[in-house]
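Participant: sharing a model that was predicted from the sequence below.
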Amino acid sequence: MKKHVSGFKSFVYTLWTLTLFVSCSTADSGQQQSNVSIQPLKGPVIIGKSVNFNTSSANNNLSLSWDFGDGQKAEGRETKHVYSKPGVYTVRLYENNKGVLTKESEAIIRVHTAETIHLPQVFLDTDARNEADDQHYVAYAIYSELDILGINSIHNNSPGSEAINYGEIFYVLKLMNWSGMPWDSLPLNKIYHGAETMLTVPESGKWYDTKPVISAGSNAILAAARGASPDNPVWVLPVGPCTNIASAVLQARKEGFNLQDRIRVFWLGGLEKGFSNEYNGGNDPWSVYVMGQSGLEFRVMLSHPTSLKLNIDKRVEADLYPDNDLGDYLETIIPVFQWRSTIPKSIHDVCVPAALISDFKGLGWIKNEKPAAISGPDKNYTWLPADSTSKVTLIWDINGKAMKKDLFNTLNGSPLKLTETDN
């Protein structure tokens, strides 16, 4: 018989998520933009091979210090380093002014083995306490063999929501640990506070005049872009508003940092005709518009009709969940029915990492993807016709049953193998 979460334990879960963010340390990338940046890497970082690091600064009078994230340090505008162990490292560049170090720039580096060099590199971005699909998304992505570089929290366009969402990310990881995943396998030092508010439409109405909401999360996206190899850009996967990634785009534009070969974006949101009346889109519609004008690859998993097709009927499918603390929590928070309907509850957010897994393995779970353009508030934030050269595409159909099967196989300890060398 499958066990269930007791009323007291459920209360503890709720209390924990409301207070955890107060006591947890923050993987903080700082709130200010610097005039000295780490130059983007030119290729992948391989274990045991030297990698070159240099800066954008032409000021030879600056005294610069490097921290490679593995306990090793160096001095100078340019340096080299060899990593002896695979993993994700944060490289930090400091200005050294008479022994006082001021952090100037960061790069998130994935040190690869031959098996991981082609894996999809992923940055999660979630309003994790919004509803039950976000927690499924976090657990599924981490248990999968996707290459997770970090996790951002994001607001729900309500006061204090970002902090609560941040705490929920930690709580899901805590449940994963209670369910048997070792602490050193969890990205505990790679969780970043994101934007607390939505973007403001500039008076000019021009997307590039938008003031970014600079946060640890937007800075972390730029750090991941600096460390990315152009032949394997980082996928940023927002399943809430697009404030963090849009802010990173705006910051990069001001910095003169071209993200074209560094970042790709896969967003969950929007309806058949547009996105301002849908929850994720409505919480920051201007950020979606900014992404549509950015020139970056911007794939959209429509929340209706598309992601509705990955759903669970808790009345007859509760036993799909693993019999552990994480499974109990996910089963407890998932409602029986879709909001204000009789449709079984959709697990929307899971579709995005599932789509990347499908693409990588050639599984064909994406059934209908079409180019589009994105209008601004003058046309009510609607989708517009576009030709095949558009960088914006909308996904209209998926194999929800196959995605659901992989979700629960993964939660139960049997993820699809992505690290096979023939991929």
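Facilitator: Noted; the coordinates are in hand.
Participant: what lies in contact with stretch 176-187?
Facilitator: With contacts defined as C-beta atoms under 8 Å, 6 or more residues apart in numbering, stretch 176-187 is touched by 88, 139, 142-143, 148, 150-151, 173, 322, 324-327. For glycine as for every other residue, the C-beta is placed from the backbone atoms N, C-alpha and C.
Participant: low-scoring stretches of the stretch 301-423 of the chain, by residue?
Facilitator: 339-340, 420-423 (pLDDT under 70).
Participant: mind listing the helices for it?
Facilitator: Under the criterion DSSP state H, counting those that start in this stretch, the stretch 301-423 of the chain contains helices at 314-317, 325-333, 351-361, 400-411.
Participant: can those helices go into JSON lines with extra columns for mean neighbour count and distance to R264?
Facilitator: Below are the helices of the stretch 301-423 of the chain laid out as JSON lines (neighbours: other C-beta atoms under 10 Å; distance: least, C-beta to C-beta, whole Å):
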{"stretch": "helix 314-317", "mean neighbour count": "12", "distance to R264": "33"}
{"stretch": "helix 325-333", "mean neighbour count": "21", "distance to R264": "28"}
{"stretch": "helix 351-361", "mean neighbour count": "23", "distance to R264": "10"}
{"stretch": "helix 400-411", "mean neighbour count": "19", "distance to R264": "20"}
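Participant: of those helices, which approaches L259 most closely?
Facilitator: Nearest to L259, of all the helices of the stretch 301-423 of the chain, is helix 351-361, at 18.5 Å by C-beta to C-beta.
Participant: what ranges do the strands span in the stretch 51-200 of the chain?
Facilitator: Under the criterion DSSP state E, counting those that start in this stretch, strands of the stretch 51-200 of the chain are mapped to 64-67, 73-75, 78-82, 87-97, 100-112, 121-126, 147-153, 191-192.
Participant: mind checking which of the ones you listed is nearest P371?
Facilitator: The nearest among these, by C-beta to C-beta, is strand 121-126 at 23.5 Å.
Participant: which of the strands of the stretch 51-200 of the chain sits closest to G205?
Facilitator: Of the strands of the stretch 51-200 of the chain, nearest to G205 by C-beta to C-beta is strand 121-126, at 26.2 Å.
Participant: helices or strands up against that closest one?
Facilitator: Secondary-structure packing of strand 121-126 (3 or more C-beta pairs under 8 Å, 6 or more residues apart in numbering; DSSP states H and E): helix 132-143, strand 147-153, helix 216-227, strand 234-238.
Participant: residues touching the residue nearest the centre of the chain, list them.
Facilitator: The residue lying closest to the centre of the chain (C-alpha atoms, centre = their mean) is L124, at 1.8 Å. When contacts are counted by C-beta under 8 Å, 6+ apart, L124 touches 137-138, 141, 148, 150-152, 237.
Participant: again, only using 6 Å
Facilitator: 141, 151, 237 (C-beta atoms under 6 Å, 6 or more residues apart in numbering).
Participant: who touches stretch 250-267?
Facilitator: Outside stretch 250-267, the residues that touch it by C-beta under 6 Å, 6+ apart are 210, 212, 225, 228, 230, 233-238, 242, 245, 296-300, 352.
Participant: also stretch 144-162?
Facilitator: So stretch 144-162 is contacted by 88, 108, 119-125, 127, 130, 142, 165-166, 169, 187, 190-192, 194-196, 198, 217, 220, 224, 240-241, 244, 283, 410, 415, 418-419 (C-beta under 6 Å, 6+ apart).
Participant: are any of those buried, and which?
Facilitator: Using 16 or more other C-beta atoms under 10 Å as the burial test, these include 88, 108, 119-125, 127, 130, 142, 165-166, 169, 187, 190-192, 194-196, 198, 217, 220, 224, 240-241, 244, 283, 410, 415, 418 as buried.
Participant: isn't I333 up against N130?
Facilitator: No. When contacts are counted by C-beta atoms under 6 Å, I333 is not listed as touching N130 (11.2 Å).
Participant: neighbours around E75, how many?
Facilitator: Neighbour count for E75, taken as other C-beta atoms under 10 Å: 11.
Participant: ok, now how distant is it from E95?
Facilitator: Counting by C-beta to C-beta, to the nearest Å, the gap from E75 to E95 is 12 Å.
Participant: thinking again about what came up before, so which of the strands of the stretch 51-200 of the chain gets nearest P40?
Facilitator: Nearest of these to P40, taken as C-beta to C-beta: strand 100-112 at 7.9 Å.
Participant: adjacent strands (with direction) for that closest one?
Facilitator: strand 45-46 (parallel), strand 87-97 (antiparallel) (DSSP bridges).
Participant: dump those to JSON lines, plus distance to I343 and mean pLDDT.
Facilitator: As requested, the strands paired with strand 100-112 are exported to JSON lines (distance: least, C-beta to C-beta, whole Å; pLDDT from 0 to 100):
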{"stretch": "strand 45-46", "distance to I343": "46", "mean pLDDT": "97"}
{"stretch": "strand 87-97", "distance to I343": "38", "mean pLDDT": "92"}
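Participant: quick one: closest of the ones you listed to N399.
Facilitator: Nearest to N399, of the strands paired with strand 100-112 and by C-beta to C-beta, is strand 87-97 at 30.9 Å.
Participant: just want the angle from that closest one to strand 147-153.
Facilitator: 60 degrees (axes from the mean of the first three to the mean of the last three C-alpha atoms, to 10 degrees).
Participant: who's in contact with strand 87-97?
Facilitator: Contact partners of strand 87-97, identified using C-beta under 6 Å, 6+ apart, comprise 38, 62-63, 65-70, 101-111, 149.
Participant: tell me the buried residues in that strand?
Facilitator: Across strand 87-97, burial judged by 16+ other C-beta under 10 Å covers 88-95.
Participant: give me the number of residues near S63?
Facilitator: 14.
Participant: tell me the spacing between it and L124.
Facilitator: Applying C-beta to C-beta, the value for S63 to L124 is 36 Å.
Participant: one step back: of the helices of the stretch 301-423 of the chain, which approaches V82 most closely?
Facilitator: Among those, helix 351-361 comes nearest to V82, with 28.8 Å by C-beta to C-beta.
Participant: contacts made by the closest one with the rest, please.
Facilitator: Applying C-beta under 6 Å, 6+ apart, the contact partners of helix 351-361 are 120, 140-141, 237, 266, 268, 301, 307, 310, 365-366, 403.
Participant: for the residues you listed, give me CSV that also has distance to P202.
Facilitator: As requested, those are exported to CSV (distance: C-beta to C-beta, whole Å):
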residue, distance to P202
P120, 34
Y140, 37
A141, 34
L237, 27
F266, 26
L268, 26
M301, 28
S307, 31
L310, 37
W365, 39
I366, 35
M403, 38
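Participant: closest one to H81 out of these, please.
Facilitator: Distance to H81 across the contacts of helix 351-361 (C-beta to C-beta) is lowest for P120, with 25.1 Å.
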